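Asker: have a look at this prediction, sequence included:
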Amino acid sequence: MLSFLSANYKRKHSASINKILFHTASATLAATDEIIYKKTDVTEKALIGRNKMTSLILVTILACSGCGTDPTPTAIPAKQPDTPEQVAKILSDLEEAGQKVETIRCSVLYSVEDNLNLSSSIKTGSLVFKRSKPHPMVLVEFTKTVSDDIVYRNKEWWLFRDRWLTEAKAKSKTIIKREWLRANEECDFFDLETSRMPMPFGQKKEQILQNFEVKLMPPQVGDPENSDHLLCRPKKNAPLASEYKRLEYYVSKELHLPTRIVAEDVTGNKVTVVDFTDTKKGNINSTIPDSAFVLPKETRGFHVTEEPLKPESSPPTPGK
């Protein structure tokens, strides 16, 4: 996660990044009026959606108390009045909990349904996050991909550290390093409107309400256990209205952090679903050394390509 990589980066730097988690994502929001489930012939039932981004998800991406799925989601007949006070309380708890997160380790299930190309994929892996100065560090490793019911065991890694986003793939034995920030450039990765790789937690309640119409949805079979489901639709003139049709957050009632995020792109052709699984209190704010944020030894010898940012143009000289 680290894919929730970012539509913002794609727009500003023309780099093709549609992996990762942790818009995680573009807020910590993920929403869905309908959820599509698909049963694979591998050893799991996997949630599939349709998407547009994921940046870190890469790091879209980051807390979960257990995400069960069910092939036939059915509404649970339970009254759950949607009031502004309820939504405000959930968002306040989300903001407070996110501000306290220093590190996270968890498994991640990253699913994309592409209705335009009639394809689907599910990536299974793990995520490690550490809040640091001047920028956070994120490492996502995918160990298995199920694409249109075919299983692939080729590993891939997404690493953000020291201004660079690094993508490594075992199948092609390649590493691509993309420069995301210039030297001494500051970026608030928890800012919902301006971050190129927004974290899936830590946003301010006021900022979410300024950008989205937020609704508390009734529970359904297949929802992550013990979670509140927030449907977030970008307001007409909000910056994210050009990127997303809807975002959804499934927020753990225990941890007050996202356990699932759903993002539908503005065209309605793609939906991305990111589940953060096996995250519990013991996996939050544990000690994680900086040395954990490096590519593994098995990537040594891969062909490396660097894509630095283009030099900034100098201001015109007066009189010329």
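Answerer: Sure thing, it's come through.

Asker: could you use CA atoms for every contact and neighbour count after this?
Answerer: Fine.

Asker: now Leu231. Its backbone dihedrals?
Answerer: When quoted as degrees, to the nearest 10, the phi and psi of Leu231 stand at phi -100, psi 120.

Asker: now it: how far from Arg246?
Answerer: Remark: distance between Leu231 and Arg246 (CA to CA, to the nearest Å) = 7 Å.

Asker: swap in Ile122?
Answerer: Distance from Ile122 to Arg246, counting by CA to CA: 20 Å.

Asker: circling back to that earlier point, Leu231 and Arg246: which is more packed in?
Answerer: Arg246 (25 against 22; other CA atoms under 10 Å).

Asker: report the beta-bridge partner residues of the more buried one.
Answerer: Per DSSP bridges, the residues bridged to Arg246 are Glu264.

Asker: I figured it hits Lys235, correct?
Answerer: No: the pair formed by Arg246 and Lys235 falls short of the contact definition of CA atoms under 8 Å, at 10.1 Å.

Asker: count the residues that sit near the closest residue to Phe293 other than its chain neighbours.
Answerer: If you skip the residues right next to it in sequence, Phe293 has Leu139 as its closest partner in space, 6.0 Å away by CA to CA, 6 or more residues apart in numbering. For Leu139, the count of nearby residues is 28 (other CA under 10 Å).

Asker: can I take it that Leu139 is in a strand?
Answerer: Yes: with DSSP: H, G, I helix; E, B strand; the rest coil as the criterion, Leu139 is located in a strand.

Asker: what about Val112, distance to Leu118?
Answerer: Taken as CA to CA, the span from Val112 to Leu118 is 11 Å.

Asker: the more surrounded of these two?
Answerer: Val112 (28 against 10).

Asker: wait, is the more buried one part of a strand?
Answerer: Yes: remark: Val112 belongs to a strand, assigned using three-state DSSP.

Asker: could you shift the numbering so residue one becomes 32, and keep it that way?
Answerer: Fine by me, first position is 32 from now on; the one you just mentioned is Val143.

Asker: identify the bridge partners of it.
Answerer: Under the criterion DSSP bridges, Val143 forms beta bridges with Ser152, Thr303.

Asker: my guess is it meets Ser151, correct?
Answerer: Yes: between Val143 and Ser151 there is a contact at 5.6 Å, judged by CA under 8 Å.

Asker: tell me the mean pLDDT over stretch 256-266?
Answerer: pLDDT averaged over stretch 256-266 equals 95, rounded to a whole number.

Asker: same deal with stretch 310-320?
Answerer: Computed over stretch 310-320, the average pLDDT equals 90.

Asker: so which bits of it are buried?
Answerer: For stretch 310-320, burial by neighbour count (16 or more other CA atoms under 10 Å) applies to 310-311, 315-316.

Asker: same question, stretch 175-185
Answerer: 175-178, 180, 182.

Asker: and what of stretch 191-208?
Answerer: 191-200, 205-208.

Asker: what about it, start to end distance?
Answerer: End-to-end span of stretch 191-208 (CA to CA): 10 Å.

Asker: all helices of the stretch 232-351 of the chain, in order?
Answerer: 236-242 (DSSP state H, counting those that start in this stretch).

Asker: what residue ranges in it score low on pLDDT?
Answerer: For the stretch 232-351 of the chain, the stretches flagged by pLDDT under 70 are 232-233, 344-351.

Asker: mind listing the strands for it?
Answerer: Using DSSP state E, counting those that start in this stretch, the strands of the stretch 232-351 of the chain run over residues 243-248, 258-265, 275-283, 289-296, 301-308, 334-338.

Asker: among those strands, which comes closest to Arg213?
Answerer: The minimum distance between Arg213 and these falls on strand 334-338, with 12.3 Å, by CA to CA.

Asker: which strands and helices sit next to that closest one?
Answerer: strand 205-210 (3 or more CA pairs under 8 Å, 6 or more residues apart in numbering; DSSP states H and E).

Asker: what's the strand it packs on in contact with?
Answerer: The set of residues external to strand 205-210 that reach it, using CA atoms under 8 Å, 6 or more residues apart in numbering, is 194-200, 333-340.

Asker: can you say which of the strands of the stretch 232-351 of the chain is packed in most?
Answerer: Looking across the strands of the stretch 232-351 of the chain with neighbours counted as mean count of other CA atoms under 10 Å, the highest average goes to strand 289-296: a mean of 32.

Asker: can you show me the CA trace of that one as PDB?
Answerer: Included here for strand 289-296 are C-alpha records, laid out as PDB according to Å, rounded to 0.1, in the frame of the first residue of the first chain:
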ATOM      1  CA  PRO A 289      -9.000   1.900   8.800                       C
ATOM      2  CA  THR A 290      -9.300  -1.900   8.300                       C
ATOM      3  CA  ARG A 291     -10.500  -1.600   4.700                       C
ATOM      4  CA  ILE A 292     -10.400   1.200   2.100                       C
ATOM      5  CA  VAL A 293     -12.400   1.200  -1.100                       C
ATOM      6  CA  ALA A 294     -11.700   3.700  -3.900                       C
ATOM      7  CA  GLU A 295     -13.700   4.100  -7.100                       C
ATOM      8  CA  ASP A 296     -12.100   6.300  -9.800                       C
END
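
Asker: fine by me, thanks again.
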